[in-house]
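Undergrad: starting from these lines, generate the structure:
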Amino acid sequence: MRGVEYSPSVTTSASCRPPLDVAAGDGVLGGAGKRGARALKDRFERFVLDLHQRDGRFGRVGVDCRNRHDRLARVAHPVDGQDRLVASQRTEVRAEPLVAHQVSTRHHRHHTCQRQRAGRVNRNDPRVRKPAPHQPPDQRACLLSIRRIGDRSPHASSAVEHRHSRTYRHTLVSVPDSVAFVQPDSLEQAVESLEAYGEDAKIVAGATALTIMLRQRLIRPAALISLGRLGGLNRIERQDGHLRIGALATHRQVELSPVVKTTIPMLAETFSVVANVRVRNAATVGGVLAEADYASDPPAVFMALDAEVETLGPHGPRTISVKDFFKGFYETALEPSEIVTGVRIPVPRAGSHGVYQKYVTRSSEDRPCLGAAAIVRMSSDGKTCEDLRVAVGAVAEVPQRFPEVEALAKGTPLDESVARAVADGYAERVDTLADMRGSAWYRTEMIRVWVRRAIERARALA
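TA: Just a heads-up that it's a prediction; the model follows:
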């Protein structure tokens, strides 16, 4: 992860538990194991980013969690130029970007109320310690330490450190000095801006993927070019035997569009299973094409439908077939200064029926471990198959389709044996990849299952 480093260093004693490697997911964090470790990293990173976006260009942050109630404490500048993150097996970190006095006040009120219920503290007693005032951070380099209330300094003495020793972590986060935000009023201006900034610019449409990459410091663009002011790029219409979807049409628009539902129902079905409704309300069709994420749902369906991508660049518009558009991991046939303007899908012939089968191995809102699209057209008497198109996604770098395997079904009744033969043909030809959703071998076996199911379901609809 560019710009973010997790490096462990251990200071422990014999009486302490074994040190935890938060980055590797060791221990039981919030009772979720490795998922808890990832959640801790993600939540802590969000806190750091939100804090430093307001206060400084780069900084270092540490957290001291010595028991389950001491989640956050006071924010202050370290006096010795060092910082530490102490993580225990019951570590919990707040994700909200709280300022120093807010954190201190919450902690103080919580424990004061507990002692007051036990009859040990009078809230009006002037001897009750008040939270320390907030100290503004340095504008050039912000070194912050979040520590327990009651410590005499941001870092305890050696004796105290030995007595309360834990595993220490630190996170270094760097934020760009400045990013240009360009809002062109026309596609031509957008192309000119993209050409001017070159590879240091990124297009902003729905920004669902771009936001994640910016947060995780995977990219550091010099300019963000927003297409939000461009009108007409979100239209969905049928023209000249094609269904045209504008690049700024959201997934939710495609899912609910009456034109899509009546023309190519499988397309509306596909977009309805992408992530969740919040993502679908923001993510755009042009964005999912330009990103070329192998684990997306729509590309496989576009491949099965023989779709074409419309683009605009310095040399004018051009049309690229989907089978030639995707080149590899996050790689497309787009030129450096080209912008996706829409996608054209030929309307399938009468009698064609298509389905998309999404298989996930984790949560229902996760990206697919495999996605299988099948389009079947039977003869007028329904006894023989006249056309079969199959595409699988999320199993390789790009969506996969094999016309020579599809030809096995033509002229057959397309029964279970034929569907199984087609599925086996795809499983043998796809060079599957491995990731957190499944191994290469597992994906190969799932191709046999889900391609057959997609064909059988499409055959049942025909």
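Undergrad: could you pull out the strands for the stretch 151-300 of the chain?
TA: 167-169, 171-174, 180-182, 201-204, 223-226, 236-239, 242-246 (DSSP state E, counting those that start in this stretch).
Undergrad: can you give the contact residues for the last one?
TA: Residues external to strand 242-246 that are found in contact with it (Cβ atoms under 8 Å, 6 or more residues apart in numbering): 232-238, 254, 259-260, 263-264, 267, 285-286, 341-347. Glycine gets a C-beta too; all of them are placed from N, C-alpha and C.
Undergrad: just the buried residues of those.
TA: 233-234, 236, 254, 259-260, 263-264, 267, 285-286, 341-345 (16 or more other Cβ atoms under 10 Å).
Undergrad: run a quick neighbour tally on the closest residue to residue 359 other than its chain neighbours.
TA: Distance criterion Cβ to Cβ, 6 or more residues apart in numbering; nearest residue to residue 359, sequence neighbours excluded, is residue 370 at 4.7 Å. Neighbours of residue 370 under the rule other Cβ atoms under 10 Å: 27.
Undergrad: residue 370 touches residue 396, doesn't it?
TA: No - assessed by Cβ atoms under 8 Å, residue 370 is found out of contact with residue 396, at 10.3 Å.
Undergrad: returning to what we had before: most tightly packed of the strands of the stretch 151-300 of the chain?
TA: Stretch with highest mean neighbour count among the strands of the stretch 151-300 of the chain: strand 167-169 (a mean of 24; mean count of other Cβ atoms under 10 Å).
Undergrad: for the record, mean pLDDT for it?
TA: Averaged over strand 167-169, pLDDT sits at 37.
Undergrad: contacts only, for the residue nearest to residue 359.
TA: By Cβ under 8 Å, 6+ apart, residue 370 lies in contact with 358, 359, 392, 393, 394, 395, 438, 443, 446, 447, 450.
Undergrad: any idea how far residue 376 is from it?
TA: Residue 370 sits 19 Å away from residue 376, taking Cβ to Cβ, to the nearest Å as the criterion.
Undergrad: could you list the low-confidence segments of this protein?
TA: Along the chain, the parts satisfying pLDDT under 70 run over 1-177.
Undergrad: kindly report the domain assignment for it.
TA: 4-174, 180-226, 352-462 (automatic domain parsing).
Undergrad: burial count for residue 372?
TA: Residue 372: 31 neighbours (other Cβ under 10 Å).
Undergrad: could you confirm residue 377 falls within a helix?
TA: No - counting by DSSP: H, G, I helix; E, B strand; the rest coil, residue 377 is located in no helix; its state is strand.
Undergrad: ok, now which ones touch it?
TA: 348, 349, 351, 352, 353, 385, 386, 387, 388, 462.
Undergrad: I'd like to know which of these are buried.
TA: Buried among the contacts of residue 377 (16+ other Cβ under 10 Å): 348, 352, 353, 385, 386, 387, 388, 462.
Undergrad: next up, phi/psi of the third one, please.
TA: This points to residue 353. phi -140, psi 130 (degrees, to the nearest 10).
Undergrad: what do you get for the fourth one?
TA: Here is the backbone geometry of residue 385 (degrees, to the nearest 10): phi -90, psi 130.
Undergrad: over to the second one?
TA: According to degrees, to the nearest 10, the main-chain angles of residue 352 amount to phi -90, psi 140.
Undergrad: mind checking how far it is from residue 387?
TA: Counting by Cβ to Cβ, the gap from residue 352 to residue 387 is 7 Å.
Undergrad: mutual contacts of the two, please.
TA: What both residue 352 and residue 387 touch, as defined by Cβ under 8 Å, 6+ apart, is the set 375, 376, 377.
Undergrad: can you name the residues bridging to the last one?
TA: Residue 377 has the following beta-bridge partners by DSSP bridges: residue 352, residue 387.
Undergrad: restricted to helices, list the buried ones among the contacts of strand 242-246.
TA: Using DSSP state H, the subset of the buried ones among the contacts of strand 242-246 located in helices is 254, 259, 260, 263, 267, 285, 286.
Undergrad: buried sites along stretch 274-292?
TA: Buried, per 16+ other Cβ under 10 Å, within stretch 274-292: 274-275, 279-280, 282-292.
Undergrad: what's the closest of those to residue 306?
TA: Lowest distance from residue 306 to those (Cβ to Cβ) belongs to residue 289, with 14.7 Å.
Undergrad: wouldn't the closest one be in contact with residue 299 here?
TA: Yes - using Cβ under 8 Å, residue 289 is in contact with residue 299, at 7.2 Å.
Undergrad: neighbours of the nearest residue to residue 326 once chain neighbours are set aside, how many?
TA: Spatial nearest neighbour of residue 326, excluding adjacent residues (Cβ to Cβ, 6+ apart): residue 398 at 4.0 Å. Look at residue 398: counted by other Cβ under 10 Å, it has 21 neighbours.
Undergrad: SS state for residue 398?
TA: Relying on three-state DSSP, one would call residue 398 coil.
Undergrad: in contact with it, which residues?
TA: 292, 294, 299, 326, 327, 328.
Undergrad: for the last one, which non-adjacent residue is spatially closest?
TA: Closest residue in space to residue 328, ignoring its immediate chain neighbours: residue 397 at 4.8 Å, by Cβ to Cβ, 6+ apart.
Undergrad: dump the residue contacts of the one you found.
TA: Per Cβ under 8 Å, 6+ apart, neighbours of residue 397: 294, 326, 328, 329, 433.
Undergrad: before we move on, back to that, now, which of the contacts of residue 370 sits nearest residue 309?
TA: So of the contacts of residue 370, ranked by how close each gets to residue 309 (Cβ to Cβ), first place is residue 393, at 15.8 Å.
Undergrad: for residue 375, see how far away the nearest residue to residue 376 once chain neighbours are set aside is.
TA: Sequence neighbours aside, residue 458 is the residue nearest to residue 376 in space, at 4.1 Å (criterion: Cβ to Cβ, 6+ apart). Distance, residue 458 to residue 375, by Cβ to Cβ: 6 Å.
Undergrad: joint contacts of the two?
TA: 353, 354.
Undergrad: need the max-distance pair from the buried ones among the contacts of residue 377.
TA: Across these (Cβ to Cβ), the longest gap, 14.2 Å, separates 348 and 385.
Undergrad: distance of the residue nearest to residue 291 when sequence neighbours are not counted from residue 321?
TA: Leaving out its chain neighbours, the residue that sits closest to residue 291 by Cβ to Cβ, 6+ apart is residue 209, at 5.3 Å. Using Cβ to Cβ, residue 209 is found at 23 Å from residue 321.
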